[in-house]
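Predicted model and sequence follow; I will ask about them next.
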Amino acid sequence: MRWTFFLFIIPVFIVAQESGKNAGTVSALFLRTDVSTRVAGLSGTYAAIANDESALLYNPAGLANLSRAGFALNHASYFEDTNIENILLAYNFERRLGFAIGMTHIWMPDIQGYDYLGAETSALKVSSSVVHLGLAYKIQPAFYVGLGLKYVQDDLAGYSANALAMDAGIFVHTMLRGLTFGAVIQNFGSGIRYDVAEEELPLTLRAGLAYKPWGKGLRLAADMVSAKDRPLYFSGAVEFIIAQSFILRSGNTFSSQNMFNPTFGGGLRLYNQYVIDYAFNNHADLGAVHRFGVSFQFNMPGSGESRNIPGKPAQAVTIKTPEKVRFTVKNDKVIIYWSRIEQAQFNIYTRQAEDQPWILLNAKPIDNNWTHMDRAAISNGTQISVSAVIGIVESGRSTEVTFHEE
């Protein structure tokens, strides 16, 4: 794993030596635009967070972090009536292989054309589209690799061009609990040709750290970014979740050209499944940018179906996944309830954070649709999930709930 770390970090410093000297030498700069509403609110600081479907756009290795499937729609009202639309779909096979697909479309209203005499001609159309495809693999429990592919198509007033590009990233859960590292090479690939001359894509390298204190709703992150056509710069961000429902975000980029370019964002999480996001920044020269996004998380394909308990012969039995998992605190006990399923027993799982493995609590399946544990044995932020067992067949885990005591 150590050699892989240097494989990604060394190019950052190599490109940094040349960055700034090549300003204006690359094209398709829209590939560096923040498309995800959540990530835009963090000023693009996401290399070491990468824990939802947006990882496809920023660090494909993070797709291995997914514990549930995700679907997202993003919209931005950009400068000069430019609009950005994005759709993402991601899920994870057997908690080891992450996969995502997406599409981004950038467009603006038609521009009226004129000839050399000033007479109106046909309208000019300007748009850009990118199709994204990403894969991630969990090589070790704390070390993931990812690869993203992009097909780029650009239409500039009748001049069309296309290109293929690749992203490659790593994601590491470090030995310090809650601290993660991410690095990614973006937009590596063929040049893009509009007419005669071929121009390079905006090659970018990112490396970052993120820290989430155990049991807290706070996350801090910082990225170092090196691009071929601009000087080395840094970004920092904070994300804070209140009562598992209200999300606040802010970030800033720090460069020799502009030390203060903050972004702000927020979100509302509903039923631990739906998220509505908003982000805003005010560009010094070009004005305000508003972004909106909605996302939906759901159980993985097949996660609601039964699976055979390891070491037991297979059976063709399907078991419903438990629903309506909830908890209450009484005196020094935490009581957990869930929906009853006929003829089923139940297993209880907990984990301390999304990036931690699930731990089975009970030594044998529970007969009732409730259980209790000592309050001292569970901390704020602990996630709880329940599965059903009939015979030797176990269902998928329920949608998790997060323990939070006011």
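Nice, I can see it. Numbering: from 1, shown residues only.

Could you tell me which residues within stretch 142-149 count as buried?
For stretch 142-149, the neighbour count (16 or more other Cβ atoms under 10 Å) marks 143-148 as buried. (Each C-beta comes from the backbone N, C-alpha and C, glycine too.)

Return the closest of the residues you listed with respect to Tyr349.
Proximity of the buried residues of stretch 142-149 to Tyr349, judged by Cβ to Cβ, is greatest for Tyr144, which lies at 21.7 Å.

Is it correct that the closest one is in contact with Ala136?
Yes - under the criterion of Cβ atoms under 8 Å, Tyr144 makes contact with Ala136 at 5.6 Å.

phi, psi of Leu57?
phi -90, psi -20 (degrees, to the nearest 10).

Make JSON lines from the buried residues of stretch 142-149 and add pLDDT to it.
As requested, the buried residues of stretch 142-149 are exported to JSON lines (pLDDT from 0 to 100):
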{"residue": "Phe143", "pLDDT": "92"}
{"residue": "Tyr144", "pLDDT": "94"}
{"residue": "Val145", "pLDDT": "96"}
{"residue": "Gly146", "pLDDT": "96"}
{"residue": "Leu147", "pLDDT": "97"}
{"residue": "Gly148", "pLDDT": "96"}
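
Would you point out the most distant pair within those?
Once Cβ to Cβ is applied, the buried residues of stretch 142-149 give Phe143 and Gly148 as the farthest pair, at 17.9 Å.

can you give me the helices in the chain?
Shown for the chain, the helices assigned by DSSP state H span residues 2-18, 37-40, 55-58.

Least reliable of those helices by average pLDDT, please.
Ranked by mean pLDDT, these end with helix 2-18 at the bottom, a mean of 48.

hey, where'd the strands end up in the stretch 51-200 of the chain?
Under the criterion DSSP state E, counting those that start in this stretch, strands of the stretch 51-200 of the chain are mapped to 69-77, 83-93, 97-107, 126-140, 143-156, 159-173, 179-189, 192-193, 198-199.

got any ranges where this structure has weak pLDDT?
1-28, 94-95, 113, 157, 195-197, 215, 285-286, 299-318, 355, 406 (pLDDT under 70).

Per the annotation, how does it divide into domains?
2-298, 307-402 (automatic domain parsing).

what's the most buried one of the ones you listed?
domain 2-298 (a mean of 18; mean count of other Cβ atoms under 10 Å).

Tell me the gap between that one and the middle of its chain.
Centroid separation for domain 2-298 versus its chain: 9 Å, with Cα atoms, centre = their mean, to the nearest Å.

And for the chain, the residue most distant from the center?
Ranked by distance from the centre of the chain (Cα atoms, centre = their mean), the top residue is Leu117, with 51.1 Å.

who's in contact with that residue?
By Cβ atoms under 8 Å, 6 or more residues apart in numbering, the contact set of Leu117 is empty.

cool, and Ile319?
Contacts of Ile319 (Cβ under 8 Å, 6+ apart): 305-306, 341, 344, 388-390, 393-395.

Over to Ala161?
Ala161 makes contact with 153-154, 192-194, according to Cβ under 8 Å, 6+ apart.

Out of these, flag the one nearest to Gly381.
Gln153 (43.8 Å).

The closest one touches Ser160, doesn't it?
Yes - using Cβ under 8 Å, Gln153 makes contact with Ser160 at a distance of 7.1 Å.

ok, now how distant is Leu179 from Tyr46?
Using Cβ to Cβ, to the nearest Å, Leu179 is found at 16 Å from Tyr46.

Also Phe327?
32 Å.

swap in Leu361?
According to Cβ to Cβ, Leu361 stands 33 Å off from Tyr46.

Which neighbours do Tyr144 and Ala136 have in common?
61-62, 64, 98, 171.

which among the residues you listed gets closest to Asn261?
Nearest member of the shared contacts of Tyr144 and Ala136 to Asn261, counting by Cβ to Cβ, is Gly62, at 24.5 Å.

What sits closest to the closest one if chain neighbours are left out?
Leaving aside its sequence neighbours, Gly62 sits nearest to Ala50 (Cβ to Cβ, 6 or more residues apart in numbering; 2.4 Å).

same question, Gln257
Spatial nearest neighbour of Gln257, excluding adjacent residues (Cβ to Cβ, 6+ apart): Pro231 at 7.2 Å.

Surely the one you found is in contact with Ser255?
Yes - using Cβ under 8 Å, Pro231 is in contact with Ser255, at 6.3 Å.

what separates Val401 from Trp358, distance-wise?
13 Å.

again but with Gly148, I slipped
Per Cβ to Cβ, Gly148 is found 28 Å from Trp358.

do Thr37 as well
As judged by Cβ to Cβ, Thr37 and Trp358 stand 29 Å apart.

ditto for Phe254
Distance from Phe254 to Trp358, by Cβ to Cβ: 38 Å.
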